[in-house]
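>>> Next comes the sequence, and after it the predicted model I'd like to discuss.
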Amino acid sequence: MIKKTLVSILTIFLTLAISGCSNEGENDQLSRTEIFMGTPIKLTLYNESNEEILDKAFEKVSKIEDTLSINKPGTELDNLNAKSGISPVVLSEMSYDIIRKALEYSKLSDGGYDVSIGPLIKLWSIGLPEAKVPTQEEINEVIKLIDYSNIDMNDSNREVFLSKKGMIVDLGSIAKGYVADELVKLLKDEGIEKAIIDLGGNIYALGYKEENKKWRIGIQNPFDDRGNVVGTIDVANKSVVTTGVYERFIEKNGKKYHHILNPKTGYPYETNIAGVSIVADHSIDADALSTLVFTKGLEEGLKFVNELENVDAIFITNKKEIYTTKGIKDNFKIMNEEFKLCN
């Protein structure tokens with residue numbers, strides 16, 4: 001299973017005019033970028049000049065980070081993990097809801113996606129200076145700690161207990177989606193009708209670029225980390241989230257190990273998929289599903305997404321073949337001749 005990177009470079013490329021609509025002046029656009037858990041978050045508001053809205057947005061982001069980060073001491077999540085196998089912890093509504101959502105996807109995937117994968121993520125530490133290829137003995141030990149069914153939740157008082165000492169809940173595969181959705185709520189409450197929320201690999205397109213004209217989002221080439229795209233998709237009021245093997249990896253003895261780890265084997269998933277992009281109404285769902293679907297491979301992944309309501313996907317295989325789900329078959333436009341649209 002995957003720790004969805006919070007330190008990745010942008011994995012979805014926006015093919016939209018930076019100035020928004022052509023009849024808008026420079027003062028009609030506001031943009032700001034700040035860092036959240038190591039990831040640049042860029043908010044761009046159109047037809048708006050009130051800087052206080054951006055202030056409120058990034059204050060919310062800061063609050064979420066101070067609650068959910070496992071890299072900052074004293075956060076709720078840090079405290080929960082520290083009390084694993086010792087005692088239950090009462091959480092805020094925010095923390096409780098996001099863990100419950102991650103558990104839903106863990107159950108849906110039968111553990112292929114597992115929110116308790118933290119010990120394995122920490123062992124490999126891919127993307128960090130201490131990254132390494134662990135020994136089989138080390139892997140065998142941490143795998144014993146990974147099992148989402150050992151997370152007990154009490155809805156009556158928002159109490160969570162990690163029943164095995166050493167367990168670590170890791171929300172890296174879902175946190176950016178939660179942040180994006182919270183920002184969408186805030187912007188709507190502030191009367192914003194047109195905006196792009198960009199969390200590097202996680203895009204939410206609010207409203208329409210122009211009347212009856214959707215935003216055009218480019219899908220990252222999973223074999224190129226320089227922002228090149230393989231094609232585009234037009235969306236409005238949708239989230240597009242991409243996961244791929246290009247995001248983070250380490251090399252040893254000429255072999256690459258990507259960051260998408262299988263909680264059952266302890267090693268990176270072996271799959272025919274190089275990258276998958278999920279299109280959904282809510283970013284938290286797209287975020288988790290981009291991870292979950294990747295673990296299933298092409299055939300099972302296509303079948304799985306086609307059975308979901310209001311969710312679509314774009315799959316890019318290791319052979320540079322592209323497959324889309326039924327709902328966006330006529331929407332996705334290929335732009336790179338090295339790739340072949342196969343369905």
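Sure, I can see it. Numbering: from 1, shown residues only.
>>> For Ala131, the count of nearby residues, please.
Neighbourhood size, Ala131 [other C-beta atoms under 10 Å]: 16. Bear in mind the C-beta positions are built from the backbone N, C-alpha and C, glycine included.
>>> Let me know whether it touches Phe249 as I believe.
No: under the criterion of C-beta atoms under 8 Å, Ala131 is not in contact with Phe249, lying 9.1 Å apart.
>>> Next one: the nearest residue to His282 once chain neighbours are set aside relative to Phe339, how far apart?
Distance criterion C-beta to C-beta, 6 or more residues apart in numbering; nearest residue to His282, sequence neighbours excluded, is Asp181 at 5.5 Å. With the distance defined as C-beta to C-beta, to the nearest Å, Asp181 ends up 31 Å from Phe339.
>>> where exactly do the strands run in the stretch 1-150 of the chain?
Secondary structure of the stretch 1-150 of the chain by DSSP state E, counting those that start in this stretch: the strands cover 12-14, 29-36, 39-46, 89-90.
>>> Adjacent strands (with direction) for the shortest one?
Pairing partners of strand 89-90, with direction, according to DSSP bridges: strand 159-162 (antiparallel).
>>> now for the following helix or strand past the partner strand, which elements pack on it?
Counting by DSSP states H and E, the element after strand 159-162 in chain order, helix or strand, is helix 175-189. With contacts taken as 3 or more C-beta pairs under 8 Å, 6 or more residues apart in numbering; DSSP states H and E, helix 175-189 sits against strand 39-46, helix 51-68, helix 93-108, strand 195-198, strand 202-206, strand 238-244, helix 283-294.
>>> what's the closest of these to Asp152?
Ranking the helices and strands packed on helix 175-189 by their distance to Asp152 (criterion: C-beta to C-beta) puts helix 93-108 first, at 10.4 Å.
>>> Please name every helix or strand in contact with that closest one.
Checked by 3+ C-beta pairs under 8 Å, 6+ apart, helix 93-108 has helix 51-68, helix 76-82, strand 151-154, helix 175-189, helix 283-294 packed alongside it.
>>> Pull out the buried positions in stretch 62-73.
Ile64, Glu65, Thr67, Leu68, Ser69, Ile70 (16 or more other C-beta atoms under 10 Å).
>>> any idea of the mean pLDDT in it?
Across stretch 62-73, pLDDT averages out at 86.
>>> what residues does that stretch touch?
36-37, 75-78, 81, 92, 94-95, 98, 118, 168-171, 175, 178-179, 182 (C-beta atoms under 8 Å, 6 or more residues apart in numbering).
>>> cutoff 7 Å now
36-37, 75-78, 81, 92, 94-95, 98, 170-171, 175, 179, 182 (C-beta atoms under 7 Å, 6 or more residues apart in numbering).
>>> How about exporting the helix or strand where Lys303 lies as PDB, limited to the C-alpha atoms?
Assigned by DSSP H and E, Lys303 falls within helix 297-306. As requested, the backbone C-alpha atoms of helix 297-306 are provided in PDB (Å, rounded to 0.1, in the frame of the first residue of the first chain):
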ATOM      1  CA  GLY A 297      -3.400  -3.300 -11.500                       C
ATOM      2  CA  LEU A 298      -5.000  -2.400 -14.800                       C
ATOM      3  CA  GLU A 299      -7.700  -5.000 -15.400                       C
ATOM      4  CA  GLU A 300      -9.000  -5.100 -11.800                       C
ATOM      5  CA  GLY A 301      -8.600  -1.400 -11.400                       C
ATOM      6  CA  LEU A 302     -10.700  -0.600 -14.500                       C
ATOM      7  CA  LYS A 303     -13.400  -3.000 -13.400                       C
ATOM      8  CA  PHE A 304     -13.300  -1.500  -9.900                       C
ATOM      9  CA  VAL A 305     -13.600   2.100 -10.900                       C
ATOM     10  CA  ASN A 306     -16.300   1.400 -13.600                       C
END
